[in-house]
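Engineer: Quick one, structure for this:
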Amino acid sequence: MTIAEERKVQQEKKGRRIVLFPSPLQGHITPMLQLATLLLSKGFSITIVHTRFNSPNPSNYPEFNFEPISDGLPNQKASDVEFMALFSGLNVSFEAPFRDMLDLMLLKNTEEPIVCIVEDGLMQFVQRVADHLKLPRMILETNSVASLVAYTSIPLLRQKGYIPSQDPMSKTPITELPPLRIKDIPVIKGDNQESLYELVVQVTKQRNTSSGFIWNSFDYLERTELSKIQQCCQLPNFLIGPLNKYSLESSTSLIAQDHSCMIWLEKQAPKSVIYVSFGSLASMKNTELMEIAWGLANSMHPFLWVIRPGSVHGSGWVELPNGFEEKTWERGLVVKWAPQQEVLAHPSVGGFWTHNGWNSTLESLCEGVPMLCSPLFGDQKVNARFVSHVWRVGVQLENGFDRGEIEGGIKILMDEKEGEEMRERIKIVKENAEICLRKGGSSHESMNRLEDHIMSL
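Structural biologist: Down below sits the predicted model:
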């Protein structure tokens, strides 16, 4: 495309507004804001709809228009909110205020027509509102392609008797869904599993009524899994990730970051530090936290450990075991929250112990840092299995939090030949992530197709 043609396209987009509506959880807000940054750079005007609960900071994005809507949700921490209660509440209370807000936007902004709504597929009311206002809707998939393949297979897994399972920790292979085992099925925690299964089925069906899927992934990584999605759904698919390469998470983080850890990292030897963080939502038993502490201490490796307020069930305060600080003096640093992308990019970091949320997994892949995997729920289980057994760039801890297994896993990752081989493989993944974003790369070309698709809606 010539410079004159590019200018003409940009002029056509000027005043075309895209409304983005993320679910109010950190793992959904971050990629949605990253996508918004990318779309803005392509000439679109951006409106972010958000809730009072887990509200992003508009001052970090002065170029966006932020539209808060009443959510009717309790003023709670994200870690204290039960998944089904949260999304049941959203789908009951959001529809009317969202429709009214868009009605008003359409009346007032005649010079900036709304060309598309982008949401993350979990809020079923968005499709009803989009249909009512005759607006196209697209889905930003905030999970991996592999995990959506697993979610869409839940009816089959129920039919075949894999779920509900008498032994949810079973390593029995699922022959219909390799490389997953029963323990890797992305079941969401909750008291009423039947309601959860039904929610997954409904959300999956409703995705297929959208105008297409935007994926925070890239062709080199998930080409095979995307072909499985395309077999059952003929809608347009756009792999434009990794979105984290377009902006740092510092502007999207809902938790204040402790940048002092970067000074500490400067004092450590290259590739010597294991970085430990289990995300913004996960919480564990105090006994599990003690096992983590002693596993890190006994590994004798330097570590940077994120212990977020609320990391332990029912406790805002975490007390580390007696003797832990003495044994790890000057070898370990504990912080409440860290600038994760900057940490993973630091040359002293040689491994990432993670819950394998998709954002964290992608960030680790993009920085070439092999992983120690402790998935806790949902799509994390699928991601961890692919990290350890498909891409082979990590070690999965199979038995929860056991200090002996933790110590052994860290040594494999940081000291042994197997870990070095993972480092070489993940280096190739990193290089391909960079290639796909360059002009002519698969994600770059997919973004061009997405622009054309949005303009055609």
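Engineer: same for the helix of greatest length in the chain, what does it pack against?
Structural biologist: Assignment by DSSP state H gives helix 417-437 as the longest helix of the chain. Judged by 3 or more CB pairs under 8 Å, 6 or more residues apart in numbering; DSSP states H and E, the packing partners of helix 417-437 are helix 219-232, helix 358-367, strand 394-396, helix 403-414, helix 442-456. Quick note: C-beta positions are derived from backbone N, CA and C, even for glycine.
Engineer: what's the neighbour count on residue 100?
Structural biologist: Residues lying near residue 100 (other CB atoms under 10 Å) number 12.
Engineer: After the host helix or strand of it, which helix or strand is next? Please name it.
Structural biologist: Per DSSP states H and E, residue 100 falls inside helix 95-108. Using DSSP H and E, the helix or strand that follows helix 95-108 in sequence is strand 114-119.
Engineer: What residues sit buried inside whatever helix or strand comes next after that next one?
Structural biologist: Of the helices and strands lying after strand 114-119 in sequence (DSSP H and E), the nearest is helix 125-132. Residues of helix 125-132 classed as buried by neighbour count (16 or more other CB atoms under 10 Å): 125-127, 129-130.
Engineer: partners of the next helix or strand after helix 125-132 in the sheet?
Structural biologist: Moving toward the C-terminus from helix 125-132, the next helix or strand (DSSP H and E) is strand 137-141. Paired strands of strand 137-141, with direction, are strand 114-119 (parallel), strand 213-215 (parallel) (DSSP bridges).
Engineer: Let me know which of those is tucked in deepest.
Structural biologist: strand 213-215 (a mean of 27; mean count of other CB atoms under 10 Å).
Engineer: Okay, now the unreliable bits of the stretch 51-200 of the chain?
Structural biologist: Residues of the stretch 51-200 of the chain meeting the criterion pLDDT under 70: 71-85, 188-192.
Engineer: which residues make contact with stretch 242-253 from outside it?
Structural biologist: The contact list for stretch 242-253, computed with CB atoms under 8 Å, 6 or more residues apart in numbering, reads 26, 29-31, 33-35, 37-38, 41, 56-57, 60-61, 216-218, 257, 337, 339-342, 359, 362-363, 365-366, 433-434, 437, 443.
Engineer: same question, stretch 380-389
Structural biologist: Stretch 380-389 has contacts (CB under 8 Å, 6+ apart) with 144, 146-147, 150, 179-181, 183-186, 355-358, 361, 371, 373-375, 393-396.
Engineer: Over to stretch 335-347?
Structural biologist: Residues from elsewhere that reach stretch 335-347, judged by CB under 8 Å, 6+ apart: 244, 248-250, 253, 255-262, 265, 270-271, 273, 275, 277, 304-309, 349, 352, 360, 363-364, 367, 369.
Engineer: Out of those, which end up buried?
Structural biologist: Buried subset of the contacts of stretch 335-347 (neighbour count, 16+ other CB under 10 Å): 244, 249, 253, 257, 261-262, 265, 273, 275, 277, 304-308, 349, 352, 360, 363-364, 367, 369.
Engineer: Relative to residue 448, how far out is residue 441?
Structural biologist: Look at residue 441 and residue 448: by CB to CB, to the nearest Å, they are 11 Å apart.
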